[in-house]
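Student: Got a predicted structure plus its sequence, pasted below:
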Amino acid sequence: MDISKTVTSQFHAALSMMEQTVSSCPEELWNVQAQDNPFWRVAYHALFFVDLYLQPSEEEMTLWENARDGYQFLGPTPWPPHEQPQADQPYSRDEILAYISYLRSFVAGAVPKIDLSAPSGFHWLPFDKLELQIYNIRHLQQHVGDLSTILLTQENIEINWIGMGEG
């Protein structure tokens, strides 16, 4: 069994589901000002952490060229003084779709090179790289579910389940 191929396949499936939610989101739901975390920000948050946790470590991270400082947080920063970062320049649908495309390529190149038995590389996640990638996929899929629920309950738009992607 090629575990890297399986992990890659599941990343691609989850990214395809995120792509569906982003592509299906009506313009009026994309940036609802009354929400603390509008649709675009939840999508960006999920994608940012896919990117981060595919990096070798926090110290060695090289993020997407269009990443904006603090936009990844859906609440206050986890370190003191626990301030709420400003995210006053929404990402467009095209920017989020470009991030998904970037991550597809990054997943395809990065996952086969990961030593899945090595430590996570992130001091707040005390497990190995294999568990980190399962954790990473679960986190992405949680937010796909959040966004899919918004689409279903507010616009009656269903997102198709994708069981596996390219591996």
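Tutor: It's in.
Student: Now do the helices in this protein.
Tutor: 3-24, 27-30, 39-53, 93-110, 129-155 (DSSP state H).
Student: what sits up against the shortest one?
Tutor: Helix 27-30 is touched from outside by 38-40, 90, 93, 150-151, 154-155, with contacts defined as CB atoms under 8 Å, 6 or more residues apart in numbering. (C-beta placed from N, C-alpha, C; glycine too.)
Student: between those residues, which is nearest residue 6?
Tutor: When the contacts of helix 27-30 are compared for distance to residue 6 (CB to CB), residue 151 wins out at 28.3 Å.
Student: Contact partners for that closest one?
Tutor: 21, 24-25, 29, 157-159 are the contacts of residue 151 under CB under 8 Å, 6+ apart.
Student: Distance to residue 105, pLDDT and neighbour count added to those, as JSON lines?
Tutor: Converted to JSON lines, these look like this (distance: CB to CB, whole Å; pLDDT from 0 to 100; neighbours: other CB atoms under 10 Å):
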{"residue": "21", "distance to residue 105": "20", "pLDDT": "98", "neighbour count": "24"}
{"residue": "24", "distance to residue 105": "23", "pLDDT": "97", "neighbour count": "16"}
{"residue": "25", "distance to residue 105": "23", "pLDDT": "97", "neighbour count": "22"}
{"residue": "29", "distance to residue 105": "28", "pLDDT": "94", "neighbour count": "18"}
{"residue": "157", "distance to residue 105": "28", "pLDDT": "96", "neighbour count": "16"}
{"residue": "158", "distance to residue 105": "28", "pLDDT": "96", "neighbour count": "11"}
{"residue": "159", "distance to residue 105": "23", "pLDDT": "95", "neighbour count": "19"}
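Student: and those residues, which two are the farthest apart?
Tutor: Farthest pair in these (CB to CB) is 29 and 158. Separation: 14.8 Å.
Student: Now the buried members of the contacts of helix 27-30.
Tutor: Using 16 or more other CB atoms under 10 Å as the burial test, those include 38-40, 90, 93, 150-151 as buried.
Student: Which two of the residues you listed have the greatest separation?
Tutor: 90 and 151 (17.8 Å).
Student: what's stretch 2-11 in contact with?
Tutor: The contact list for stretch 2-11 (CB under 8 Å, 6+ apart) reads 50, 103, 107-108, 111-112, 114, 116, 130, 133-134, 136-137, 140, 164-167.
Student: Mind giving me the PyMOL command for buried ones among the residues you listed?
Tutor: Buried residues among the contacts of stretch 2-11 (16+ other CB under 10 Å), as a PyMOL selection:
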select buried, resi 50+103+107+111+114+130+133+136+137+140+165+167
